[in-house]
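**Student:** Sharing a model that was predicted from the sequence below.
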Amino acid sequence: MATTTGTPMPTIQDEMNSLLQEAIRVAGGHLADAPTFAPFGLARTLGGQIERAEMTAEEGSVEVAAADVHSSLVQALADRRDLLVAAAVVSDLQARDSAGELITHLVRVEVEHRDEGGRTLAVLVSYDRADDGVVTFSDQPRTEPAERRIWV
């Protein structure tokens, strides 16, 4: 890890991991309040702060599809990419079998870093939500490559 004036500089992996941890924490908060949540975004600024981006429908408007919200979040983060180090878009998914039966609930976190060598990952974490709102996340997340959408 590089240092300047004795202060450790975070690595690309450190920045992505901290954003992923915050994404799961925020998702867990949403799920404690309701059985599902709308996609939201998180971004680490050049100054090291984590900011949240959420799209809200205006009162009385037609509910917007999650895919449209996801696309809008990606665009909003891309519009600010010069001010950001890393960004994530977080979605609540349901995995179903071929008969349409629910297999599991998943939180999908797409994490992207501004550096050319920075990886773009999708992390899938399954969870269970009890009737009382207690959320338990799997300790076995799945990672897969994701498409670079913000820094393109």
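**Tutor:** Structure's in. What do you need? Numbers count the residues shown, from 1 in each chain.

**Student:** From the chain's centre, how far out is the host helix or strand of residue 143? Work that out for me.
**Tutor:** Element membership for residue 143, per DSSP states H and E: strand 142-145. With Cα atoms, centre = their mean, to the nearest Å as the basis, strand 142-145 stands 13 Å off its chain's centre.

**Student:** what residues does it touch?
**Tutor:** Strand 142-145 has contacts (Cβ atoms under 8 Å, 6 or more residues apart in numbering) with 119, 120, 121, 122, 123, 124, 125. Quick note: C-beta positions are derived from backbone N, CA and C, even for glycine.

**Student:** just stretch 33-52 next, same as before
**Tutor:** With Cβ under 8 Å, 6+ apart, stretch 33-52 has contacts from 10, 15, 18-19, 22-23, 26-27, 30-31, 53-55, 66, 69-70, 73-74, 76-77, 80, 83-92, 129, 133.

**Student:** Just the contacts of strand 142-145: which are in strands?
**Tutor:** If you go by DSSP state E, the contacts of strand 142-145 have 120, 121, 122, 123, 124, 125 in strands.

**Student:** Now the helix ranked longest in the chain: buried residues?
**Tutor:** Longest helix of the chain, by residue count under DSSP state H: helix 12-33. Of all the residues in helix 12-33, those buried under the rule 16 or more other Cβ atoms under 10 Å are 15-16, 18-20, 22-24, 26-28, 30-31.

**Student:** Just the CA atoms of it, as CSV, please.
**Tutor:** What follows is helix 12-33, C-alpha atoms only, in CSV (Å, rounded to 0.1, in the frame of the first residue of the first chain):
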residue,chain,number,x,y,z
ILE,A,12,-8.4,-0.2,-5.6
GLN,A,13,-9.5,-3.4,-3.9
ASP,A,14,-9.9,-1.6,-0.5
GLU,A,15,-12.1,1.1,-2.2
MET,A,16,-14.2,-1.6,-3.9
ASN,A,17,-14.5,-3.7,-0.7
SER,A,18,-15.6,-0.7,1.4
LEU,A,19,-18.3,0.2,-1.1
LEU,A,20,-19.5,-3.4,-1.3
GLN,A,21,-19.7,-3.6,2.5
GLU,A,22,-21.7,-0.3,2.7
ALA,A,23,-24.0,-1.5,-0.1
ILE,A,24,-24.9,-4.7,1.8
ARG,A,25,-25.4,-2.6,5.0
VAL,A,26,-27.7,-0.2,3.3
ALA,A,27,-29.6,-3.0,1.5
GLY,A,28,-30.0,-4.8,4.9
GLY,A,29,-31.5,-1.6,6.3
HIS,A,30,-34.0,-1.3,3.4
LEU,A,31,-34.9,-5.0,3.8
ALA,A,32,-35.5,-4.6,7.6
ASP,A,33,-38.2,-2.1,6.7
